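Participant: Pasting a predicted model and its sequence here:
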Amino acid sequence: MIHRLPIPTPFRVGPVNVYLVDDDPLTLVDAGPNWGVALVALEDGVRQAGRRLEDIERIVVSHQHADHIGLVGIVAEKSGAEVCALDAFAPLVEDFAAYADRNDALAQAVMRRHGVRDDVVTVLAAVTRAHRGWGGSAPVTQRLRDGGELGFASRRFEVHHRPGHSPSDTILFDAASGELLAGDHLIKNISSNPVISAPLDPGGERASALLTYMTSLRATRELPIGTVMPGHGETFGDHAELIGERFAMHERRARKILGLIAEQPLTAHEIAHSIWGGVALTQTFLTLSEVLGHIDLLVERGEVAEADDEGVVRWTASK
Ligand SMILES: [Zn+2]
C-alpha cells in the first residue's frame, strides 16, 4: 500500500507529494521542505495512514530540490530511519549548502553571460541565498545504484536515474504492480522545467538540461507503467501519451525561439522577455533555463550558433 501525503510548501508550485510505502521496512519517499508547517502536516499524514513518524525505517530522496529534501535530516533524526539516495547524489544530500554554493555561482555566471544585467544578478543572488534554508541534509546510510533495486518484504522497486528536471532525479518502478514513484521527472499538470543546475560531481561538465531530460523521458516512455505517482498533483496513467505531448510542446517552443532569432541576433534573456514579458524578470533564471534548453536543441541541429558580444552571448540563425 502506498499513501500519497500532500505536504504544503512555501513555493509557487503548491503542495509536494510525500509517499509512505507501508511495507517492511516502512519507507517514506521524500520528506517535504524544511518548514514547521510541513513537518506538522507530515506527522498528521503519517498518523492518518495509521503510523507514526517515529516508526519510519527508511527515507528515499527522489531529487535535490528543497521541497523534497528539506526535512530529511529532521525525519531521520526523529525516527532513526536509514537514508537512501542515488550514489552520485549522496554527497549533495550530506551537504546541501556546499552544492547550493556551487549552484548559485553557476547560476550567476549563466545569467551574466546570457544578458541579465549585473545589478539584477546581484539582487537575485540574495533572494536565492535566502531560499537556501528550506533545504536540508542528512548522512546517507544506503547508496542506491542506477539500475539497482530497492527491496521490501513484499515488493521491490527498480531504481532508475532520470536526470533532466534536476541532475539527481531518481525514479522507483515496481514492475509487478506497474506503479512508478516519479518525483518531479513526470508531472501531469505542469511540465517539469529542466532547470540549469551545477553537475553533481564538482569537476563535472554542465550537461544540457533539456537534452538530458528528453533522453530520460525516452527511456521512461519504454517502461510498462500503469500508474504514475508524481512529486506534485494527482496520480495518473497514460504516461506515454503525456511524454508525447511534452515532446510536441518542446518542439513548438524551439520553433518559436528559432523564429525570433531568425529576425535578429538576441541574448537568451531577450528571448525570454519577448516570450514571457514581465515573468522573465520575476522568474529570471527559470525562464533563462527554459530558453537555453531549447537553444541547446537548436544548436545540436545546427540551426543556431553562438556569437560573443563582449562577454555576452547573442544567438544567430545559421541557416
Ligand atoms: Zn523538483
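Facilitator: Right, received. Where do you want to start?

Participant: pretty sure Val21 contacts Arg4?
Facilitator: No. Val21 lies out of contact with Arg4 (CB atoms under 8 Å); the separation is 10.8 Å. Placement of C-beta: from N, CA and C, glycine included.

Participant: Next one, pLDDT for the closest residue to the ion within the stretch 1-150 of the chain please.
Facilitator: Relative to the ion, the nearest point of the stretch 1-150 of the chain is His65 (3.5 Å; CB to the ion). At His65, the pLDDT value in this model is 95.

Participant: which residues sit in contact with it?
Facilitator: 166, 184 (CB atoms under 8 Å, 6 or more residues apart in numbering).

Participant: One more: Ser274?
Facilitator: Contacts of Ser274 by CB under 8 Å, 6+ apart are 260, 266.

Participant: Name the secondary structure element that contains it.
Facilitator: Assigned by DSSP states H and E, Ser274 belongs to helix 268-276.

Participant: For that helix, list the C-alpha coordinates in PDB.
Facilitator: Extracted C-alpha coordinates of helix 268-276, given in PDB (Å, rounded to 0.1, in the frame of the first residue of the first chain):
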ATOM      1  CA  ALA A 268      18.700  34.300 -24.200                       C
ATOM      2  CA  HIS A 269      17.300  36.800 -21.700                       C
ATOM      3  CA  GLU A 270      15.900  39.000 -24.500                       C
ATOM      4  CA  ILE A 271      14.200  35.900 -25.900                       C
ATOM      5  CA  ALA A 272      12.800  35.100 -22.500                       C
ATOM      6  CA  HIS A 273      11.500  38.600 -22.200                       C
ATOM      7  CA  SER A 274       9.900  38.500 -25.600                       C
ATOM      8  CA  ILE A 275       8.100  35.200 -24.800                       C
ATOM      9  CA  TRP A 276       7.100  35.800 -21.200                       C
END
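
Participant: ok so, going back, Val21 and Arg4: who's more crowded?
Facilitator: More neighbours surround Val21 than the other of Val21 and Arg4, with 23 against 15 (other CB atoms under 10 Å).

Participant: May I have the beta-bridge partners of the more buried one?
Facilitator: Ile2, Thr27 (DSSP bridges).

Participant: And it, how far from Val46?
Facilitator: Distance of Val21 to Val46, computed by CB to CB, to the nearest Å: 12 Å.

Participant: Spatially nearest residue to Glu77, not counting backbone neighbours?
Facilitator: Nearest in space to Glu77, with sequence neighbours left out and distances taken as CB to CB, 6 or more residues apart in numbering, is Ala138 at 7.9 Å.

Participant: Quick one: mean pLDDT for the helix or strand that the helix holding Ser274 is followed by?
Facilitator: Where DSSP H and E defines the elements, the next helix or strand beyond helix 268-276 is helix 279-282. Helix 279-282 carries an average pLDDT of 88.

Participant: Give the buried residues for helix 279-282.
Facilitator: Buried residues in helix 279-282, defined by neighbour count with 16 or more other CB atoms under 10 Å: Ala280.

Participant: what's the distance between the helix or strand following it and the middle of its chain?
Facilitator: Moving toward the C-terminus from helix 279-282, the next helix or strand (DSSP H and E) is helix 284-300. Centre-to-centre, helix 284-300 and its host chain are 16 Å apart (CA atoms, centre = their mean, to the nearest Å).

Participant: Identify the residues contacting helix 284-300?
Facilitator: With contacts defined as CB under 8 Å, 6+ apart, helix 284-300 is touched by 107, 110-111, 114, 116, 120, 124, 193-196, 208-211, 213-214, 250, 253-254, 257-258, 261, 268-269, 271-272, 275-276, 279-280, 304-306, 315.
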